[in-house]
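S.K.: From the sequence below, what's the structure:
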Amino acid sequence: MAVEKTNLLENDIEAYLKQHENKEMLRFITCGSVDDGKSTLIGRLLHDSKMIFEDQLAAINNDSKKHGTTGEQVDLALLVDGLQSEREQGITIDVAYRFFATDKRKFIIADTPGHEQYTRNMATGASTADLAIILIDARHGVQVQTRRHSYITSLLGMKHIVVAVNKMDLVDFSEERFEEIKKEYTEFAKEVGIENPVFTPVSALTGDNVVNPSENMVWFKGKPLMALLDTIEVGDNTDLEHFRLPVQYVNRPHLDFRGFCGTIAAGTIATGDEITVLPSMKTSKVKQVIQPAVNEADMVVDSAFAPMAVTLTMEDEIDISRGDMIVKSSDVPNVADTLDVMLVWMNESAMVPGTDYLIKRATNVTKGRFNAINHKVDVNTLEKYQGNKLELNEIANCTLSLNQMISFDPYSEIKGTGAFIVIDKYSHATLAAGMIVNAAENQGAANFAKDYSPFEREMNALIREHFPEWGCRSIEEVTNAK
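M.R.: Coordinates of the predicted model:
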């Protein structure tokens, strides 16, 4: 296979690049407690799969003498721990991304920190991953951060979990110890909703069962970690049933064209489909579906699907703006202004209910505030407890009130329309990541589309556009405000 690959590279570079382009992409993260060996494992994967250039290896050899923690051996963790403070302390602080490929797949790895104070960094890396490798030190078993990271991966909807029991060389490659940890983690995984985790024993330092099968663990009949990553069935989790297009830009190059651009978050769309614009509830039909293309003749297509970037034109001249959501009229999602959400707080300044923030969901940005912290979650014990503010790295269920209606789907169903971030309205710093659970029970937002006539809905949309400082949502509220 290697000879065939080399010949193709030497004789037909275009064919080689085409073959590489068509490989399946897998994004994964490594997470777990501090010093479990996450960075070393990635370094070993890159080293043993021949993905390190000679100059990189020479640099790591030199750096190992200055910053290494593995004695006379090359410290492969330095391949991803590039910050000066990381090398001085021997820990991972920021998320480090690395790319490599095998004959079957392309990979993007995110090496995430293990320390509790960098939980926000870990959540950031996990938000775009398809799979998580959770490392466990064979000497210590399931730790606090193992539980924390497992809970966050479950909260973010990650379906594929590989548990790598590392440092097996320090427990004499004991099958009994591996089975103990496997049982302990399986019991915890059930509590957080992780189904069917895959277990593999490894030694990142010595390379046992990372890329090649281990002669020291002949009792293990499963695949080495690299083979597991190459063959595990991840599948495409894109929802193709419910069409959702957050409008990012209105394209108006001349008087005869008005197109509504965006990346399809879910579903499919075709010429002639009846659509509804949310939250205004205006309706029309799709006149054209346009995709980016080199040749103009290839731009207009019959249909498109997630996650394509498209421009739609409509048969009717209706008002559609950035931040609106285009959906099929036969499948209109929930519309609400008060939401039940899960929140991961990522800022040094605590979140206090009643404070105004900017809430960005897809392309929509609106003002909002958290009315209440319903409960906080102790990710170590999974216990729920009360609190009057949310500190850095804490996770809580909250009630979010917005100053306008938005259309949404629960995060568990469609991530693109169920995820949001919290932004400081003065500094524009990102403060938190959130996931919509559902509409809050104490308001009638679910019946929004049924409560008003078409004329009233249009008037309400104009009111929300021109009087955002009032937080008004209807004609009645404007009257009361006056």
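S.K.: For Thr366, which residues count as its bridge partners?
M.R.: Ile359 (DSSP bridges).
S.K.: An error on my part: the question was meant for Cys261.
M.R.: Assigned bridge partners for Cys261, using DSSP bridges, are Tyr249, Thr311.
S.K.: residues in contact with it?
M.R.: Residues counted as contacts of Cys261 (C-beta atoms under 8 Å, 6 or more residues apart in numbering) are Val247, Gln248, Tyr249, Val250, Asn251, Ala309, Val310, Thr311. All C-beta spots, glycine's among them, are computed from the backbone N, C-alpha and C.
S.K.: try 10 Å this time
M.R.: 245, 247-251, 290, 292, 309-312, 322, 363 (C-beta atoms under 10 Å, 6 or more residues apart in numbering).
S.K.: Can you tell me which of these are classed as buried?
M.R.: Among those, the ones that count as buried by 16 or more other C-beta atoms under 10 Å are Leu245, Val247, Ile290, Val310, Thr311, Leu312, Thr363.
S.K.: and of the contacts of Cys261, the nearest to Val300?
M.R.: Among these, Ile290 lies closest to Val300 (C-beta to C-beta), at 5.7 Å.
S.K.: Return the per-residue confidence for the residue nearest the centre of the chain.
M.R.: Centroid-nearest residue in the chain, with C-alpha atoms, centre = their mean: Ser127, separated by 2.1 Å. Residue-level confidence at Ser127 comes out at 77, pLDDT.
S.K.: which regions of the stretch 301-450 of the chain sit below the pLDDT cut-off?
M.R.: 442-450 (pLDDT under 70).
S.K.: about what we covered before: show me the two of the buried ones among the contacts of Cys261 that sit farthest apart.
M.R.: Ile290 and Thr363 (18.1 Å).
S.K.: Could I get the contacting residues of Ile29?
M.R.: 38, 95, 97, 108-112, 122, 124-134, 149, 153, 158.
S.K.: which of those are buried?
M.R.: For the contacts of Ile29, buried by 16+ other C-beta under 10 Å: 38, 95, 108-112, 122, 124-127, 129-134, 149, 153, 158.
S.K.: Just the ones of the residues you listed in helices?
M.R.: Lys38, Met122, Thr124, Gly125, Ala126, His149, Thr153 (DSSP state H).
S.K.: so where do the strands sit in the stretch 251-400 of the chain?
M.R.: Per DSSP state E, counting those that start in this stretch, the stretch 251-400 of the chain carries strands over the ranges 257-263, 268-270, 274-278, 282-290, 300-301, 303-305, 309-314, 325-328, 334-345, 356-361, 364-378, 383-385, 395-408.
S.K.: In a markdown table: these, plus distance to Val192.
M.R.: Formatted as a markdown table, the strands of the stretch 251-400 of the chain follow (distance: least, C-beta to C-beta, whole Å):
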| stretch | distance to Val192 |
| --- | --- |
| strand 257-263 | 31 |
| strand 268-270 | 33 |
| strand 274-278 | 33 |
| strand 282-290 | 41 |
| strand 300-301 | 42 |
| strand 303-305 | 32 |
| strand 309-314 | 35 |
| strand 325-328 | 31 |
| strand 334-345 | 13 |
| strand 356-361 | 25 |
| strand 364-378 | 10 |
| strand 383-385 | 13 |
| strand 395-408 | 12 |
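S.K.: hang on, the earlier thing: Ser401 versus the residue nearest to the centre of the chain, what's the distance?
M.R.: Distance of Ser127 to Ser401, computed by C-beta to C-beta, to the nearest Å: 24 Å.
S.K.: Show me the beta-bridge partners of Val165.
M.R.: Ile136, Pro201.
S.K.: Let the chain start at 29 from now.
M.R.: Renumbered: residue one is now 29, and that last one reads Val193.
S.K.: just to revisit the earlier point, excluding chain neighbours, what is closest to the residue nearest to the centre of the chain?
M.R.: Setting aside the residues directly before and after it, Ser155 is nearest to Leu184 in space (C-beta to C-beta, 6 or more residues apart in numbering), at 6.0 Å.
S.K.: Where does Phe448 fall, secondary structure wise?
M.R.: strand 447-451 (DSSP states H and E).
S.K.: quick one: that strand to strand 362-373, angle?
M.R.: Per axes from the mean of the first three to the mean of the last three C-alpha atoms, to 10 degrees, the angle that strand 447-451 makes with strand 362-373 is 60 degrees.
S.K.: Tell me the strands beside the helix or strand just after strand 447-451, with direction?
M.R.: Using DSSP H and E, the helix or strand that directly follows strand 447-451 along the chain is strand 458-467. Note on strand 458-467: by DSSP bridges, its sheet partners are strand 362-373 (antiparallel), strand 447-451 (antiparallel).
S.K.: of all those, which lies closest to Asp384?
M.R.: Using C-beta to C-beta, the strands paired with strand 458-467 put strand 447-451 closest to Asp384, at 10.8 Å.
S.K.: CA-only coordinates of that closest one, as PDB, when you get a sec.
M.R.: Extracted in PDB, the C-alpha atoms of strand 447-451 (Å, rounded to 0.1, in the frame of the first residue of the first chain):
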ATOM      1  CA  ALA A 447     -26.900  26.200  20.000                       C
ATOM      2  CA  PHE A 448     -26.100  29.700  21.000                       C
ATOM      3  CA  ILE A 449     -23.400  31.800  22.500                       C
ATOM      4  CA  VAL A 450     -23.600  34.600  25.100                       C
ATOM      5  CA  ILE A 451     -21.800  37.800  24.300                       C
END
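S.K.: which other residues reach it?
M.R.: With C-beta under 10 Å, 6+ apart, strand 447-451 has contacts from 155, 184-185, 293, 367, 369, 371-375, 379, 385-390, 392-394, 396, 398, 428, 430, 434, 436, 439, 457-464.
S.K.: mind redoing it with 7 Å?
M.R.: 385-389, 439, 458-464 (C-beta atoms under 7 Å, 6 or more residues apart in numbering).
S.K.: and Tyr125, how far is that from Thr156?
M.R.: 10 Å.
S.K.: likewise Met196?
M.R.: Distance of Met196 to Thr156, computed by C-beta to C-beta: 30 Å.
S.K.: Wait, Met53 touches Ile137, no?
M.R.: No - using C-beta atoms under 7 Å, Met53 makes no contact with Ile137, being 11.9 Å away.
S.K.: just to revisit the earlier point, mind putting the buried ones among the contacts of Cys289 into TSV with distance to Ala298?
M.R.: Shown next, in TSV, are the buried ones among the contacts of Cys289 (distance: C-beta to C-beta, whole Å):
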residue	distance to Ala298
Leu273	13
Val275	18
Ile318	13
Val338	11
Thr339	14
Leu340	11
Thr391	22
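S.K.: Run through the stretch 129-278 of the chain and note the low-pLDDT ranges.
M.R.: Using pLDDT under 70, the stretch 129-278 of the chain drops low at 140-148, 263-264.
S.K.: all helices of it, in order?
M.R.: All helices of the stretch 129-278 of the chain, identified by DSSP state H, counting those that start in this stretch, fall at 147-154, 172-183, 203-220, 253-259.
S.K.: Can you report phi and psi for Pro320?
M.R.: For Pro320, the backbone dihedrals (degrees, to the nearest 10) come out as phi -60, psi 140.
S.K.: quick one, what contacts it?
M.R.: Pro320 neighbours (C-beta under 7 Å, 6+ apart): Ala337.
S.K.: how close does the residue nearest to the centre of the chain get to Arg55?
M.R.: Taken as C-beta to C-beta, the span from Ser155 to Arg55 is 10 Å.
S.K.: now do Asn421
M.R.: Taken as C-beta to C-beta, the span from Asn421 to Arg55 is 23 Å.
S.K.: now swap in Arg133 and tell me
M.R.: In terms of C-beta to C-beta, Arg133 sits 11 Å off from Arg55.
S.K.: No more questions from me, cheers.
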